[in-house]
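Q: Provide a 3D model corresponding to the input given below.
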Amino acid sequence: MIKLIVTNMSCGHCQLKINAELEANNYKVVKIDMSKNSVLINTSSDQVNKIKRILDSINYVVDNETPVLDIEEHTIWDDKLDDDLNYETFTTYLFNNEISIIGFNDEDFGVIILCTVTQLHDAVEYINQM
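A: The predicted model follows:
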C-alpha cells in the first residue's frame, strides 16, 4: 500500500471524486483521511506517477514535498501488551505517530497495524523500552 498527500482535497465531494476516479482506474482505495489530506491505496510505489497523472486529470495535486510512504500490515506480539496500562500507553504512542490499528490477534494478543517498516521498528523499540 502507499500513502499519498493530496494538497487540495477539502470536502466530502473531493473524497468521493478521488475514490471514484482511482477505482475506475482499477486502484483499491483503502482509506481517505480528510483531516490529514491523505489517501491510502492498495498498490505499490511504482504506480505513483500513474496515480499522480490520474489525480491531475481531475484537478487534484499530490504533494511532491511529502514522500510517498510504503505502508504494510504488521502484527506486533509482546507480553508487555498484556498489561492494560502498557497497552493503553502503546496505543497512545501509535495514535500520536499516525499508525493505524486495524485489528487484533486475540490468540497471541497481537496488535495488527498499518505502518512503514521504519515505523514498525520504532514501535518495537518503544515496547522494548517500556
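Q: in the helix or strand where residue 92 lies, what's buried?
A: Using DSSP states H and E, residue 92 sits within helix 84-96. Buried residues in helix 84-96, counted by 16 or more other C-beta atoms under 10 Å: 90, 94. From N, CA and C alone the C-beta is placed, and that goes for glycine too.
Q: Burial check on the residue nearest to residue 42 when sequence neighbours are not counted, number of neighbours?
A: Spatial nearest neighbour of residue 42, excluding adjacent residues (C-beta to C-beta, 6 or more residues apart in numbering): residue 28 at 4.0 Å. Residue 28: 12 surrounding residues under other C-beta atoms under 10 Å.
Q: Report the separation between residue 28 and residue 47.
A: 11 Å (C-beta to C-beta, to the nearest Å).
Q: shared neighbours, these two?
A: Listed contacts common to residue 28 and residue 47 are residue 41; contacts here mean C-beta atoms under 8 Å, 6 or more residues apart in numbering.
Q: three-state assignment of residue 60?
A: coil (DSSP: H, G, I helix; E, B strand; the rest coil).
Q: Report the contact partners of it.
A: Counted by C-beta under 8 Å, 6+ apart, residue 60 has contacts 6, 8, 9, 14, 17, 18.
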